[in-house]
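> can't give you the sequence, but here's the structure:
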Ligand SMILES: C[S@@+](CC[C@H](N)C(=O)[O-])C[C@H]1O[C@@H](n2cnc3c(N)ncnc32)[C@H](O)[C@@H]1O
């Protein structure tokens, strides 16, 4: 079986490393994702364990698509019977690049939907229903030039939805991007961890989950649990049991999550409770300016505001003042590492230090930089 695992642009290296740790054979990088050949068990394992992946796509068809007719014919020939039964619902999404006849992704998705529905009607005697919000089976078409690839999405809901985000605050990071920041920044469980601008707590929660070796998919469901053919589910039950047994009782080192905004901390705490790691994180309302070094040194990891309006108690505070404050704080954290996800080049300039790593990645459509300093 051939899989394509999607992730945020710039995080492919972190995803490849995760797959190798999960004993996936020879994952190959591509922009926005990683491919591998393996078993359905491998695909389910990636759904359960990957912190960085967004979707795990199983290829079910690969064919040339010059126009609407060839796209229809190719999709109609795909063998999808194991996924669909009497009441299975479906949805189709598509991306298209550089195909002159099929440049509208909504149209391409509609053609694939028609083809699949017609093929299933011929086979099963009735048409499956479309449910765009909560389908049992999600089909994904990637059209690049005239090469069409049709996939079934194993995850269903994207994998960054770990089901612990029960409370919101300003500008939260996607869970998978936070996990990539920790992985690419080399943040380990064996040193204390501080996020002084924690917002909804994503970096601290992801760090706590990783430190306790908690599989990020343990608390959520997956698309493959809703397929008509359920013969793979005993294997998944075994994978889940092994993941449960692999959890550590507590994080090996202290984790501190602070924010100046009084309303952010209860949200972050509720999210940590939903993730099952509230006991591992100490939450405090505090200004980043008051952060003091402590022994032993650890990692300071943060995602400071970078927009026009500052999330925080004083939206009018100039960004350069806040960045100068962060630079002063780093000056007194000798022996620590700093891992900073930063969407504004002014911050790197304010820090006035040589970074050890500067890595480009994308927070949705926004280009950001991951900066790592040894202080
Ligand atoms: C981009 S958000 C962080 C989002 C967070 N990574 C998440 O996933 O939810 C920046 C955070 O910095 C906080 N902040 C702004 N000024 C601060 C200051 N002076 N001290 C501490 N936190 C501050 C804001 O309240 C906001 O929660």
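It's in. Please read all numbers here as calculations on a predicted model, not as lab measurements. Numbering: from 1, shown residues only.

> mean confidence score for stretch 239-254?
Averaged across stretch 239-254, pLDDT comes to 98.

> Run the chain-centre distance for that stretch.
Using CA atoms, centre = their mean, to the nearest Å, the mean C-alpha position of stretch 239-254 is found 20 Å from that of the whole chain.

> Can you tell me what sits against that stretch?
Under the criterion CB atoms under 8 Å, 6 or more residues apart in numbering, residues 41, 44-45, 48-49, 189-193, 208, 211-215, 218, 277, 279-280, 282, 298 lie in contact with stretch 239-254. (C-beta placed from N, C-alpha, C; glycine too.)

> Spell out which parts of the protein neighbour the ligand.
Taking CB under 6 Å from any ligand atom as the criterion, the neighbours of the ligand within the chain are 169-173, 196-197, 199-200, 202-203, 259-261, 264, 287-288, 303-305, 310-312, 322.

> Give the buried residues for stretch 84-91.
When neighbours are counted by 16 or more other CB atoms under 10 Å, the buried residues of stretch 84-91 are found to be 84, 88-91.

> Tell me the one among those nearest to the ligand.
For the buried residues of stretch 84-91, the residue nearest the ligand by CB to the nearest ligand atom is residue 91; the value is 28.2 Å.

> can I assume the closest one sits in a strand?
Yes: judged by DSSP: H, G, I helix; E, B strand; the rest coil, residue 91 forms part of a strand.

> Could you check how many residues crowd around the closest residue to it other than its chain neighbours?
Of all residues not flanking residue 91 in the chain, residue 135 sits nearest, at 3.8 Å (CB to CB, 6 or more residues apart in numbering). Other residues near residue 135 come to 20 when the count uses other CB atoms under 10 Å.

> same deal with residue 97?
So residue 97, with other CB under 10 Å, has 11 neighbours.

> Spatially nearest residue to it, not counting backbone neighbours?
Nearest-residue entry for residue 97: residue 144, 4.9 Å, with adjacent residues in sequence omitted and distances by CB to CB, 6+ apart.

> Please apply the same query to residue 40.
With CB to CB, 6+ apart as the criterion, residue 40 has its nearest non-adjacent residue at 5.2 Å, and that residue is residue 232.

> Which helix or which strand is home to the residue positioned nearest the centre of the chain?
Residue closest to the average C-alpha location in the chain (CA atoms, centre = their mean): residue 176, at 2.5 Å. Element membership of residue 176, judged by DSSP states H and E, is helix 175-184.

> Show me the contact partners of that helix.
For helix 175-184, contacts defined as CB under 8 Å, 6+ apart pick out 7-8, 10-11, 13-15, 17-18, 51-54, 159-162, 164-165, 173, 187, 202-203, 205-207, 210, 216, 301, 303, 339, 341, 357, 359, 361, 363, 370.

> what's the model's confidence in that helix, averaged?
Helix 175-184 carries an average pLDDT of 98.

> Partner strands of the helix or strand following that helix and their direction?
Toward the C-terminus, helix 175-184 is succeeded by strand 193-195 as the next helix or strand (DSSP H and E). Partners of strand 193-195 in the sheet, by DSSP bridges, are strand 255-259 (parallel), strand 299-302 (parallel).

> Let me have the ones you listed in TSV, extended by mean neighbour count.
TSV is the format used below for the strands paired with strand 193-195 (neighbours: other CB atoms under 10 Å):
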stretch	mean neighbour count
strand 255-259	24
strand 299-302	24
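
> Tell me which of those strands lies nearest to residue 228.
Taking CB to CB, strand 255-259 is the member of the strands paired with strand 193-195 nearest to residue 228, at 42.8 Å.

> any idea how far the closest one is from the chain center?
22 Å.

> can you tell me the average pLDDT over whichever helix or strand comes after that strand?
Proceeding N to C from strand 255-259, the next assigned helix or strand is helix 264-275, under DSSP H and E. The average pLDDT within helix 264-275 is 96.

> what about the residue of the stretch 151-300 of the chain found nearest the ligand, distance to residue 68?
Nearest residue of the stretch 151-300 of the chain to the ligand: residue 199, at 2.7 Å (CB to the nearest ligand atom). Here the criterion is CB to CB, to the nearest Å. By it, residue 199 lies 45 Å from residue 68.

> so where do the strands sit in this protein?
Secondary structure of the chain by DSSP state E: the strands cover 2-6, 28-30, 33-37, 55-64, 90-97, 137-144, 147-153, 193-195, 255-259, 281-285, 299-302, 337-342, 357-363, 366-374.

> Setting aside sequence neighbours, what's the nearest residue to the residue nearest to the centre of the chain?
Among residues not flanking residue 176 along the chain, residue 160 sits closest, at 3.9 Å (CB to CB, 6+ apart).

> Just the angle for the helix ranked longest in the chain relative to strand 147-153, thanks.
In terms of residue count, the longest helix belonging to the chain (DSSP state H) is helix 105-124. Calculated by axes from the mean of the first three to the mean of the last three CA atoms, to 10 degrees, helix 105-124 forms an angle of 70 degrees with strand 147-153.
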